[in-house]
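J.: here's a sequence, model it:
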Amino acid sequence: MLQEIYAETKNQMEKCIEALKRDYKTLRTGKVSTSILDGIRVNYYGTPTELNQVASVLAPDATTIVISPWEKNLVSDIEKAINEANIGVNPNNDGTVVKLFFPPMTVDQRQEAAKQAKGMTDNAKVAIRNVRKHSNDKVKSLHKDKEITDDESKKAQDEIQKITDAFVVKADETLKTKEQEILTV
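T.: This is a model prediction of the structure:
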């Protein structure tokens, strides 16, 4: 019973770390990433559709993204969607493809991105602690229902705390890696 709670705790905390890594992908680093366009939706015959579902999105170099729509009539819709998304760059359209040219990041932009990464990490840590609380509540409930002893309850809560500490360290390590990536010129 307690092993199931530990496994569920680890599983939920791992999901928190995965969500954190997904959040990091929306941040701009020195090299432009196509994931900055994730979440942008294009009006495709009246249906809001993910950009990568109606076009190929490539990053041929560190400062350029090229979007090649599968249907040429979508070029203006893609351009409009990117403008509305306000990602900090104006799209250039040559009639067949949309190109995004990202200027090199300034020191201030890098520091701001690092600050955003820290905020995302703090949110992930809060989520991890919420998982800990939920798991501890399950243990306390088992104890209250007399399914486990006082000692087992104490040991279980200690084990959940160890798991939590390990995942908080993991979140901090991903932050260090991301900050290094952002701040490296």
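J.: CA only for contacts and neighbour counts going forward, please
T.: Fine.
J.: show me where this protein has strands.
T.: Using DSSP state E, the strands of the chain run over 41-44, 47-50, 55-61, 64-69, 91-93, 98-101.
J.: Ala114 is in contact with Ile182, correct?
T.: Yes - using Cα atoms under 8 Å, Ile182 makes contact with Ala114 at a distance of 6.5 Å.
J.: and Lys25, its phi and psi?
T.: Lys25 adopts backbone torsions of phi -60, psi -20, taken as degrees, to the nearest 10.
J.: for it, which non-adjacent residue is closest in space?
T.: With Cα to Cα, 6 or more residues apart in numbering as the criterion, Lys25 has its nearest non-adjacent residue at 6.0 Å, and that residue is Ser35.
J.: what's the pLDDT at the one you found?
T.: pLDDT for Ser35: 80.
J.: ok, Thr184 next?
T.: With respect to pLDDT, Thr184 has a value of 78.
J.: now do the contacts for it.
T.: Contact analysis of Thr184 by Cα atoms under 8 Å, 6 or more residues apart in numbering lists Gly30.
J.: so how far is Glu147 from the most centrally placed residue in the chain?
T.: Per Cα atoms, centre = their mean, the C-alpha nearest to the average position across the chain is that of Asp23, at 1.7 Å. Per Cα to Cα, to the nearest Å, Asp23 is found 40 Å from Glu147.
J.: contacting residues around the residue of the chain most remote from its centre?
T.: Here the centre of the chain is the reference, and by Cα atoms, centre = their mean the most remote residue is Lys146, at 40.7 Å. Taking Cα under 8 Å, 6+ apart, we find Lys146 in contact with no residue.
J.: the closest residue to Asp23 other than its chain neighbours: neighbouring residues, count only.
T.: Leaving aside its sequence neighbours, Asp23 sits nearest to Met120 (Cα to Cα, 6+ apart; 7.1 Å). Around Met120 there are 19 other residues, counting by other Cα atoms under 10 Å.
J.: isn't Met120 up against Arg22?
T.: No - between Met120 and Arg22 there is no contact under Cα under 8 Å: 10.2 Å.
J.: quick one: contacts for Tyr6?
T.: 135, 159-160.
J.: no, scratch that, I was asking about Gln116
T.: Contacts for Gln116 (Cα under 8 Å, 6+ apart) come out as Leu27.
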